[in-house]
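# okay, sequence plus prediction incoming.
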Amino acid sequence: MAISVTEYKKEEQILKKVNKLLGNTLDDLGFEVKDDQDKLVEFKKMMWENASSFDEGESIQVMAATQMEAEKVFQKKRYFDKLCKIRKKPYFASIVFKADDGEINNIYMSLTYLKDKNENNILYDWRSPICSLFYDYEIGPCSYTAPGGTFTGELKRKRQYKIENNKLVGVFDNDLNINDEVLQEVLAEESSERMRNVVNTIQQEQNKVIRNIEDNNLIVQGIAGSGKTTVALHRIAFLLYRLKNLTSNNVLIFSPNNIFAEYISDVLPSLGEDNTLETTFADYLMSFVTEFESIESFTDFVSRYYSYKETYPELVEYKQSNQIITDIDEFIENYIDNCKFISNFKEENNLILKDDLNEMLHDRYSNLPLFERLDEMADKLSSNYYKGSSKKAKKFLSLMQKNSNFKKEYKEIFVEFFTSDFCKYKMTEKEARSYINKKSINYEDALIFAYIKGSLEGFLYEGTIKQVVIDEAQDYNKLQYIIINKIFKKADFTILGDINQNINPYYHYDSLEELKDLFNGDTKYIELLKTYRSSPEIISYTNKILNLKHSNAIRKDNNKPVIVRKGVTDLRERLVEDINYLQKEYKSTALITKDDREAEEIYNLIKDDINISLVDANSKFFNKKLIIIPAYVSKGLEFDSVIIYNDRNNTYKKNERNLLYVACTRCQHELIIYN
C-alpha cells in the first residue's frame with residue numbers, strides 16, 4: 001500500500017540524514033582503520049627489532065597483545081567494509097514497535113548496524129532480535145525474545161523501501177500478506193547470474209528456520225522453489241551474527257556439484273559475511289580414501305543410470321541400501337573377532353608374548369577401532385620397556401604386524417567382504433577386485449570403502465567444524481549420514497531437501513523425517529510448503545508429473561501456458577526459433593536434456609546457429625544467459641525460461657519422473673517441452 005505525500009517527504013528527509021551520518025561514519029572510520037593499521041605495522045616492527053631482549057614470558061605477552069590489537073583492527077576493517085556495502089542502499093525496511101511500557105521504537109533495518117555519536121542505534125542489523133517482528137507478525141500484538149528476555153507490545157507499522165543510489169524511489173506499507181507489492185516485484189524480476197540475498201522478502205515460515213537456535217539440528221523438507229538454499233545461507237549469516245566464537249571457517253556446506261557452489265557464492269558476501277568452507281561429498285572423501293587417485297562424482301554416478309551405462313543396477317542398489325550397512329557391521333565384527341597374534345616375538349632382549357598381545361587387543365583396548373588399538377599398544381609397549389619413551393613405538397608396531405594374521409590393507413578387506421557370506425550379493429574374488437583394481441573408484445564403492453576403513457581405523461575427526469549444512473539431502477543415503485556424523489561429532493546440522501526431487505535412482509525416503517534419529521542432540525523437522533519460483537501455470541503442470549497437490553504458488557499468474565511440442569519435423573529450426581523468442585523476452589534460458597549424451601547432441605545441432613554454452617558436472621563457471629545442461633546437473637539452479645528436451649528413443653520412464661520434475665521446476669516464467 002502506497003503512503004501519503006507527507007509521509008513520503010518525511011521518509012526522504014530521514015534517508016538524507018542517514019546518508020549524511022553514514023558518509024561521516026565512513027570517513028571517520030576510514031581514517032581510524034588506516035591509522036590503526038599503520039600503528040600495528042610499527043608495533044610489529046618494534047617487536048621484531050627488540051625480540052632478542054625479551055625473555056620467554058615477555059615474548060608470549062607481547063605476541064598475545066599484538067594478536068589482540070590485530071584482531072581489533074580486523075574487526076574495525078570488517079565493519080568498514082559492511083558500511084561500504086550499504087552506502088547506496090542503507091536500509092530496506094522499518095517497523096514501529098510500541099512496547100507494553102508505552103515506549104515507541106522506530107526501527108530501520110539494514111544489512112548491518114549504524115550508531116550516531118551518542119551511541120544510539122540508527123540502523124539495526126536485520127538479524128537483531130527486534131527485527132524478527134518484521135518477518136513474523138502482522139500489524140497488532142507481537143513479541144520477540146532477546147538476551148534480556150521476552151518483550152511484548154504492539155506492531156504499529158511495517159514499511160518497505162526501494163532505494164537506488166541513495167534516492168528513495170518507492171515506499172510501501174504492508175502487513176504479512178504474502179502477495180505484498182515488494183515480494184511480487186522481486187518475484188517478477190528476471191533471474192541473475194548468481195543467487196542473491198533476500199533479506200527484504202524473507203517470509204514467516206522461512207524466518208523460523210533462519211533464526212532457530214533452540215534446536216541443535218534442523219531437517220527441512222521444502223518443495224521446489226520454496227527457497228531452501230536461500231534460507232540455509234541466510235541461516236548461516238544469522239548464526240555467524242548470533243553465536244559467539246563462530247566464524248565462516250567453522251561452517252561447512254556440502255553442495256551437490258561445483259556449478260551449484262559457484263551459483264551461491266555471492267550470497268554470504270552480499271550479507272557482509274565471508275564465504276564458508278564448501279565441498280561435495282565425493283571431494284571430501286578424497287581426503288580419506290587416499291588409496292585411489294580420484295572418486296567418481298555423484299553426478300557421474302547417477303549419469304550411469306539415466307544414460308543406461310550401468311551393467312549391474314541391482315548390485316548398485318544393494319551397495320546403496322540400508323541392508324549393506326548391517327552386513328558390513330556384522331562382517332567387521334566377525335573380522336575383528338578373528339584377528340589375533342599368532343606368535344611370540346622378541347624386540348632386542350624383550351620377549352613379547354602373543355597371549356599378552358591378544359589380551360590387549362580384545363580386552364584392554366577393545367573400545368577403540370582395530371588399527372587404532374595397534375597404535376596404542378605400540379606406544380604402551382615402548383613406554384613399558386623404555387622407561388616411558390615412545391621412541392620404539394614404530395618398531396613394536398612393525399613386529400606386531402609381522403606376527404599377526406591381519407594386515408592394514410583395505411582393498412583386500414573390501415574384497416574379503418564381497419566374497420564372504422555376510423554379503424547378500426556375493427561375488428567371486430575376480431569380480432570384487434574389478435571394482436578396486438583401478439585408479440578411480442566408483443561413487444557407491446567409495447562410500448563402502450570409506451565406511452570399512454573408518455570402522456577399522458577411525459574416521460577423520462573434524463573438530464573445527466561447528467555447523468554443517470547439507471543441501472539436496474534426499475540424494476544422500478543413510479550410510480553417508482552415518483559417515484558424516486562420525487566425522488563431525490561435535491557439529492550441529494542443517495539438512496535441506498525435497499523427497500520429490502530425488503535423483504538418486506537407487507535410494508528413496510518416504511520422508512526426510514526418517515533422518516531425525518541419525519543426529520545427536522535436539523533435532524527438529526520443518527516443512528516449507530510455499531513455492532516462490534515458478535508461475536502457477538508451471539506448478540500446475542509439474543504437479544501432474546508426480547501427482548502432487550502443491551497449490552501454494554506465491555508468484556502471480558503470468559498467463560504463459562506450458563507449451564508442449566510434439567511431432568516436430570525440423571528440430572533444429574524449431575529449437576532455434578524458440579530460443580530466439582525466449583532470449584528476447586528473458587535474461588536467462590536453459591535447454592535441459594535428460595543426460596550428457598543428449599546435451600552434447602543438441603549442442604552440436606544448434607551451436608552454429610546460436611551462441612550457446614554446454615554445461616556438465618565438471619563445469620565450474622558458466623554464463624546463465626543461454627546454456628544446455630543435463631537434468632541431473634541443473635539441481636538447485638533456476639532460470640527465467642526453460643526448454644525441456646528428450647529424444648523419442650530416450651524418454652523419461654515411470655521410475656525417472658523425479659528427474660523430469662527437477663528439470664521442469666527449474667523454470668520461473670515460461671516453459672516449453674519437446675516430448
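Sure, I can see it. A quick note: this is a predicted structure, and the numbers were derived from the prediction, not measured.

# for residue 292, which residues are in contact?
436, 438, 439, 440, 441, 446 (CB atoms under 8 Å, 6 or more residues apart in numbering). The C-beta positions use only the backbone N, C-alpha and C, and glycine is treated the same way.

# kindly indicate which of those residues lies nearest residue 100.
The nearest member of the contacts of residue 292 to residue 100, counting by CB to CB, is residue 446 at 58.7 Å.

# not counting its neighbours along the chain, what's nearest the closest one?
Nearest residue to residue 446, sequence neighbours excluded (CB to CB, 6 or more residues apart in numbering): residue 295, at 4.6 Å.

# tell me the bridge partners for that neighbour.
Beta bridges link residue 295 to residue 441, judged by DSSP bridges.

# reformat the contacts of residue 292 as a markdown table; add distance to residue 668 and pLDDT.
As requested, the contacts of residue 292 are exported to a markdown table (distance: CB to CB, whole Å; pLDDT from 0 to 100):
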| residue | distance to residue 668 | pLDDT |
| --- | --- | --- |
| 436 | 45 | 95 |
| 438 | 43 | 94 |
| 439 | 42 | 95 |
| 440 | 37 | 95 |
| 441 | 39 | 96 |
| 446 | 36 | 97 |
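
# now do the SS call for residue 124.
Secondary structure, DSSP: H, G, I helix; E, B strand; the rest coil: residue 124 is strand.

# and for it, the neighbour number?
22 (other CB atoms under 10 Å).

# state the mean pLDDT of stretch 310-324.
In this model, stretch 310-324 has a mean pLDDT of 96.

# where does the stretch 1-150 of the chain have low pLDDT?
Residue ranges of the stretch 1-150 of the chain with pLDDT under 70: 1, 38, 40, 43-66.

# 50 instead, please
Within the stretch 1-150 of the chain, not a single segment meets pLDDT under 50.

# how about the strands of it, start to end?
93-99, 104-110, 114-115, 121-125, 140-146, 149-164 (DSSP state E, counting those that start in this stretch).

# distance to residue 562 for the ones you listed - can I get that in JSON lines?
Output for these, formatted as JSON lines (distance: least, CB to CB, whole Å):
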{"stretch": "strand 93-99", "distance to residue 562": "35"}
{"stretch": "strand 104-110", "distance to residue 562": "38"}
{"stretch": "strand 114-115", "distance to residue 562": "47"}
{"stretch": "strand 121-125", "distance to residue 562": "42"}
{"stretch": "strand 140-146", "distance to residue 562": "40"}
{"stretch": "strand 149-164", "distance to residue 562": "32"}
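
# relative to residue 281, which of those is closest?
Using CB to CB, these put strand 121-125 closest to residue 281, at 33.5 Å.

# what is the closest one packed up against?
With contacts defined as 3 or more CB pairs under 8 Å, 6 or more residues apart in numbering; DSSP states H and E, strand 121-125 has these neighbours: helix 5-49, strand 104-110, strand 114-115.

# run the chain-centre distance for it.
Distance of strand 121-125 from its chain centroid, counting by CA atoms, centre = their mean, to the nearest Å, is 29 Å.

# now do the buried residues in that strand.
By neighbour count with 16 or more other CB atoms under 10 Å, strand 121-125 contains the buried residues 122, 123, 124, 125.

# got these as a markdown table, with distance to residue 241 columns?
Converted to a markdown table, the buried residues of strand 121-125 look like this (distance: CB to CB, whole Å):
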| residue | distance to residue 241 |
| --- | --- |
| 122 | 18 |
| 123 | 14 |
| 124 | 12 |
| 125 | 7 |
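
# quick one, strands of the stretch 251-400 of the chain?
Going by DSSP E, counting those that start in this stretch, the stretch 251-400 of the chain shows strands at 251-254, 277-279, 294-295, 345-347, 350-352.

# highest average neighbour count across the ones you listed: which stretch is it?
Among those, judged by mean count of other CB atoms under 10 Å, the one packed with the most neighbours on average is strand 251-254 (a mean of 23).

# can you list contacts of that strand?
With CB under 8 Å, 6+ apart as the criterion, strand 251-254 contacts 232, 236, 239-240, 261, 276-281, 284, 462, 465-471, 484, 488, 491.

# list the pairing partners of it within its sheet, with orientation.
strand 277-279 (parallel), strand 467-470 (parallel).

# which of those strands comes out lowest on mean pLDDT?
Looking at the strands paired with strand 251-254, the bottom one is strand 277-279 with a mean of 92.

# outside of that strand itself, list whatever touches it.
248, 249, 251, 252, 253, 254, 255, 261, 465.

# separation between the fourth one and residue 475?
As defined by CB to CB, to the nearest Å, residue 252 lies at a distance of 17 Å from residue 475.

# again with the fifth one
Using CB to CB, residue 253 is found at 15 Å from residue 475.

# the strand or helix carrying residue 432: how far from the chain's middle?
Using DSSP states H and E, residue 432 sits within helix 429-433. Mean-position distance between helix 429-433 and its chain equals 37 Å (CA atoms, centre = their mean).

# helices or strands up against it?
helix 410-418.

# CA atoms only: put the helix it packs on into PDB for me.
Output of helix 410-418 as PDB, limited to C-alpha atoms (Å, rounded to 0.1, in the frame of the first residue of the first chain):
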ATOM      1  CA  TYR A 410      41.700 -52.100   2.900                       C
ATOM      2  CA  LYS A 411      41.500 -53.200  -0.700                       C
ATOM      3  CA  GLU A 412      41.900 -56.800   0.500                       C
ATOM      4  CA  ILE A 413      39.400 -56.300   3.200                       C
ATOM      5  CA  PHE A 414      36.900 -54.800   0.700                       C
ATOM      6  CA  VAL A 415      37.300 -57.900  -1.500                       C
ATOM      7  CA  GLU A 416      37.000 -60.200   1.600                       C
ATOM      8  CA  PHE A 417      33.600 -58.600   2.400                       C
ATOM      9  CA  PHE A 418      32.200 -59.000  -1.000                       C
END
